[in-house]
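> I would like to see how this sequence folds:
(one chain, ligands or ions: 1)
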Amino acid sequence: MALVSEFLGQLTLSYSGEPEPKYPTVVPARDFDPARDAARIDTAIKTKGVDEQTIIDILTRRSCEQRREIAFEYERFAKKDLVSALKGALSGSLEALILGLMKSTAQYDAWELKASMKGLGTDEETLIEIVCSRNNEELADIKRVYKEMFKKDLEKDVAGDTSGNFAKLLLALVQVGARDEPSNVVDYEKIDEDARALYEAGVKRKGTDVVTWIEIMSQRSVPHLQKVFERYKSYSPYDMKESIRKEVKGDLEKSFLTLVECFENRQLYFANRLNEAMKSKGAKEKVVTRIIVSRCEVDLIKIRTEFKKHFKRSLYQTITEHTKGDYQKALLSLCGGDD
Ligand SMILES: [Ca+2]
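This is a model prediction of the structure:
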């Protein structure tokens, strides 16, 4: 029952800032009956060969809160944990997707971060994607949940798994409230000052003053930075992304690029990642699962729109072409429709 109470505990949390509006593809089901859903899932799990379709139909069409209620009901009458039961019944990519759905968005992100740093070596790609794309509010949630789930500070794990300027940047980003909240007042002087500082710390000088870049990119609000990057072009012959590519390399380069892309258009960044993951014949299922599961109750509708706009075909169609089986059915259901 530990997980259920943990989850209920976090529903009462409130935010100080104004939360960003949501564009989910997964919304609460009407006429919701958690006991009926729990019983149907129990039958589906017990069915010889497992009735995956029913499990997918139910769990991909309920909100996170509703899935938790179903888990609660299931535990009550089946006397076992739904997550363990699903683990036993499912396998492969479908299992990973469904287990991801059984966590809240913040729990899922925290889980993915932990997994990216587990054992020898680090999955930098995942680490960069999550730390550099989540906003203030999301990062605060992730840090709190990370501590609850793993009894460790996210900063400590990040510091232990990364090094050099890459570590400095990630740590600056996960600091509580490091980034200014957007303000109604546009500070043109500060915009100009930051644009010039970014130029002087990079393209203008020999080597790069990475600390200055980190400071500006981790502390300023997103609307401010959008204007800074516009202004930047009046100082530098290269735009911010080109400058990053010229000045830094490796994980640091990828992190700064991810940040700038997300400042410019976060949903386009995710659309690009999805397109990249489904370019070749087989899909990078881990990346596809992570983005679809973590964004389906946040902004997947807008990601779909960006996807269609930039790649001239829908996300739905792309998933159809690059995945298969029950895993595909679950993805398409979370995707929520064709465009
Ligand atoms: Ca330079």
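> which is the next helix or strand following the least confident helix or strand in the chain by mean pLDDT?
Least confident element among the helices and strands of the chain, by mean pLDDT, DSSP states H and E: helix 2-11 (a mean of 46). Counting by DSSP states H and E, the next helix or strand C-terminal to helix 2-11 is helix 34-46.
> Check which helix or strand the closest residue to Arg231 other than its chain neighbours maps to.
Take Arg231 and drop its neighbours on the chain: the residue closest to it by C-beta to C-beta, 6 or more residues apart in numbering is Ala195, 3.8 Å away. All C-beta atoms are positioned from the backbone trio N, CA, C, and that covers glycine. Assessed by DSSP H and E, Ala195 sits inside helix 188-201.
> Could you tell me which residues within that helix count as buried?
Buried positions in helix 188-201, judged by neighbour count with 16 or more other C-beta atoms under 10 Å: Ile191, Asp192, Asp194, Ala195, Arg196, Ala197, Leu198, Tyr199, Ala201.
> Need the pLDDT of the last one.
According to the model's per-residue confidence, Ala201 sits at a pLDDT of 98.
> Kindly confirm whether my reading is correct that it touches Glu215.
No - with contact defined as C-beta atoms under 8 Å, Ala201 does not count as touching Glu215 (9.2 Å).
> which residues touch the one helix or strand Lys168 maps to?
Using DSSP H and E, Lys168 sits within helix 164-174. Applying C-beta atoms under 8 Å, 6 or more residues apart in numbering, the contact partners of helix 164-174 are 124, 127, 131-132, 139, 143, 154-155, 158-159, 162, 178, 210-211, 214-215, 217-219, 248, 250-252, 255-256, 259.
> Let me have the buried residues of helix 188-201 in TSV, extended by distance to Ala29.
Putting the buried residues of helix 188-201 into TSV (distance: C-beta to C-beta, whole Å) gives the following:
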residue	distance to Ala29
Ile191	45
Asp192	51
Asp194	46
Ala195	48
Arg196	53
Ala197	50
Leu198	47
Tyr199	52
Ala201	51
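> residues contacting the residue nearest to Arg231?
Val228, Phe229, Arg231, Tyr232, Ser234, Tyr235.
> Buried among those residues? Need that as a selection in PyMOL.
In PyMOL, this line selects whichever of these come out buried by 16+ other C-beta under 10 Å:
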select buried, resi 228+229+231+232
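> Could you single out the nearest of the contacts of Ala195 to Ile291?
Among the contacts of Ala195, Phe229 lies closest to Ile291 (C-beta to C-beta), at 24.2 Å.
> Pretty sure Val210 sits against Leu252.
Yes - the criterion here is C-beta under 8 Å, and Val210 meets it with Leu252 at 7.2 Å.
> More neighbours: which of those two?
Remark: of Val210 and Leu252, Leu252 carries more neighbours, 23 against 19, as counted by other C-beta atoms under 10 Å.
> Remind me what the strand or helix carrying the more buried one packs against, helices and strands.
Using DSSP H and E, the element containing Leu252 is helix 250-277. Secondary-structure packing of helix 250-277 (3 or more C-beta pairs under 8 Å, 6 or more residues apart in numbering; DSSP states H and E): helix 124-133, helix 164-174, helix 210-219, helix 222-232, helix 240-247, helix 285-295, helix 300-311, helix 315-322.
> model confidence over the fourth one, on average?
Model confidence over helix 222-232 averages 97 on the pLDDT scale.
> And for it, what's in contact with it?
Against helix 222-232 from outside (C-beta under 8 Å, 6+ apart): 135, 179-180, 182-183, 186-187, 190-192, 194-195, 198-199, 216-217, 220, 239-240, 243, 260, 263-264.
> And the helix or strand containing Leu97, what does it pack against?
Using DSSP H and E, Leu97 falls within helix 92-101. Helices and strands touching helix 92-101, as assessed by 3+ C-beta pairs under 8 Å, 6+ apart, comprise helix 52-59, helix 82-89, helix 285-295, helix 325-335.
> Where does pLDDT dip in the stretch 101-250 of the chain?
Across the stretch 101-250 of the chain, nothing is flagged by pLDDT under 70.
> same thing but at 90, please
118-121, 175-178, 183-184 (pLDDT under 90).
> nearest residue to Leu334 other than its sequence neighbours?
Sequence neighbours aside, Cys296 is the residue nearest to Leu334 in space, at 4.7 Å (criterion: C-beta to C-beta, 6+ apart).
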